[in-house]
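In: When you get a sec, could you give me coordinates for this:
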Amino acid sequence: MPRMPGEEDGTPGGHVQKIRGLKRLAHDALDVTVEIVREGHDSSARAVRRVTDEIDGVREAARVIDDVRRVTTSGVLEAIKGVNRLVEVVTEAGLDAALGDEGELAPSPAGSPAVALRTDGPRGAWLADAALGALNGVVGDHLGARHEALDLAMRLRVGDAYVAPERDALAAALPDATGRLVVFVHGLATTEWSWALKSQEYYGAPDVTFASQLERDLGATCVFVRYNTGRHVSESGDALSALLSGLVEAYPAEIESLTLIGHSMGGLVCRSACHAAERDAAPWGDLLGDAVYLGSPHRGAPLAKLGHAISRGLSAIDLPATRVIGQVLDGRSAGVKDLRHGALIEAEWDSPEALLDRDAVALPRARHSFFSGAVTRDEAHLASRLIGDMLVRVPSASGPALVSRTFEIDAHHHGGVWHH
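Out: Numbers count the residues shown, from 1 in each chain. Got it, this is the predicted structure:
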C-alpha cells in the first residue's frame, strides 16, 4: 500500500511534511496572485484603449505606450514569479540540510492514530483536522496534484485509527467483526469527524455517533472513509470502489450485507463508486444491499450553480474588479464544481449539461434510499420549497431524475432538519 497522507501524524517527519506542504501552497498562492494582478492590469489597459482607439491622433501613440506597458509589466511579474520559485528551492534545500533524516516520512504504523470521534476531545486537534478538511474542499484538486502531505487521500478508519484494507490489519482492528458491514462517507470540506457533530447536544453523551447507534441497535460493524473532497467526484468514486474491493476481500468475517451511507457530497461519491463497481465488475458490488443518501445533491446544489453563474458573469465584464473576482471564483475546486449538476462520471466534467443515462449510474441490485430535509416542518412551506435544508433542495436530495426506475428507490423527507 502506498503511504497515505496523515499516516505520519505524530512523527517529526510527518509534521515537517505538512510544513513543507503549507510552504509550497504559499508559493503557489503567490504565483496565482501575480496572474490576478496581470489580469487586472490588462483589463484596465483594455478599458483605456477602448477610449483612445476612438480618438484620432491619439490612437497610435496610445497603442505604443500600451505595448511598452505590457512588456514592462510582464517582465516585472515574471521576475517576481522567478524569485518566488528560487526562494522555494533554497528553503527546501535549507530544510533538507537542517533536518536531515527527520525531514523524511516515517514508515506508516499498522494503525495510525486519528482524532477521536467525540466532542470532548482535544479542541486543538479537532480544529486542525477540520481546517485540513476545509482546505481540501476548497483547493483539494490542487493539493492532490502538488502537496501530498496535505492531501486527504482515500483511506479507511476503524475506531480511532486509520487502517490499511489488509487482512492482518483488519483482523487486529475488528476482532468482533459481524456480517453486517456499514461504511460511512462524509461530505464536502469535512472529515469523518462530522459523524460525531454535536453528539453531546443531541444525545447527551460525547461519544455517540451514527456508527455507535447502528452498532448498538443492529449489531453492525461500522467503518469510516476519509477522502479529499476537492477532487472530482468521479475520482473519489473510483478510489472508494477500489478501497471497498480491498475491504471486502480482507474483511475478517463473512459479509452478509454491505451498506453505504453518504452525507451530502459523500452520497454522490457512493453513487459514483456504484457506477465504477458495475463498470469494473468489482467484487463488493454483489454484496451491496443498501445505499443511503443523506441530503445529497443528486440534481445539483443551488449555491454551486449560483457560484458558476456569478463567476461566468463577472468574467464576461471586462473591468478590473469584475475580472479579478470572476477569476478568483473560477479557482474553486473540481469537487465544488461537480456539485453544480451532481456530476458522477468523468464524461460530465466538461459537459455536465449533456443528457447521460443516469439509470446506469447505480447498482440495480441494491436498494437506494434518498433522505431529504427542509428548514421548516411543513414541506409545502415557501422556505422549504426554495432552500430545502439550506444547501440542497428537496427534489435534488430525493434522488436523480431517472428515465426509468431500473433499481429499487426508497425516498424519505424530514421537515425541520437542516443540512448538517
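
In: So residue 234 sits against residue 346, correct?
Out: Yes. Judged on Cβ atoms under 8 Å, residue 234 makes contact with residue 346 at a distance of 4.9 Å. (Glycine included, C-beta is placed from N, CA and C.)

In: Show me the helices in the chain, by range?
Out: When assigned using DSSP state H, the helices of the chain occupy the ranges 12-52, 59-99, 123-146, 167-173, 199-203, 210-218, 233-250, 265-280, 302-316, 320-329, 334-338, 382-387, 394-397.

In: ok now the fourth one, how far from the chain's centre?
Out: Computed by Cα atoms, centre = their mean, to the nearest Å, the chain-centroid distance of helix 167-173 equals 28 Å.

In: Can I get that helix as CSV, trimmed to CA atoms?
Out: Output of helix 167-173 as CSV, limited to C-alpha atoms (Å, rounded to 0.1, in the frame of the first residue of the first chain):
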residue,chain,number,x,y,z
ARG,A,167,-6.3,-9.0,6.3
ASP,A,168,-3.9,-8.8,9.3
ALA,A,169,-4.6,-5.1,9.9
LEU,A,170,-8.4,-5.5,9.7
ALA,A,171,-8.4,-8.6,11.9
ALA,A,172,-6.5,-6.7,14.6
ALA,A,173,-8.7,-3.7,14.3
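
In: which residues does residue 303 contact?
Out: Each residue near residue 303 by Cβ atoms under 8 Å, 6 or more residues apart in numbering is listed here: 339, 391.

In: Renumber starting at 162 from here on
Out: Taking 162 as the first residue, the last one we looked at is residue 464.

In: low pLDDT regions in the stretch 412-561 of the chain?
Out: Within the stretch 412-561 of the chain, the segments meeting pLDDT under 70 span 468-473, 475-477, 479-492, 511-523, 525.

In: what do you get if the cut-off is 90, keeping everything else the same?
Out: Counting by pLDDT under 90, the stretch 412-561 of the chain has low-confidence residues at 460-495, 497-498, 501-527, 536, 538-551, 560-561.

In: again with the stretch 262-411 of the chain
Out: 262-293, 295-296, 298-312, 314, 358-359, 361-363, 371.

In: The closest residue to residue 351 other than its chain neighbours and residue 301: what is the separation?
Out: Leaving aside its sequence neighbours, residue 351 sits nearest to residue 294 (Cβ to Cβ, 6 or more residues apart in numbering; 4.9 Å). Distance of residue 294 to residue 301, computed by Cβ to Cβ, to the nearest Å: 9 Å.

In: what touches both of the two?
Out: With Cβ under 8 Å, 6+ apart, residue 294 and residue 301 have common neighbours 313, 390.

In: So for these two, which sits in the more crowded spot?
Out: residue 301 (29 against 26; other Cβ atoms under 10 Å).

In: So what's the residue count around the residue nearest to that one when sequence neighbours are not counted?
Out: The spatially closest residue to residue 301, leaving aside those adjacent along the chain, is residue 391, at 1.9 Å (Cβ to Cβ, 6+ apart). A count of nearby residues for residue 391, using other Cβ under 10 Å, gives 28.

In: ok, now residue 462?
Out: 29.

In: Neighbours of the closest residue to it other than its chain neighbours, how many?
Out: Excluding the flanking residues, the one nearest residue 462 by Cβ to Cβ, 6+ apart is residue 500, at 4.5 Å. Residue 500 has 29 neighbours, counted by other Cβ under 10 Å.
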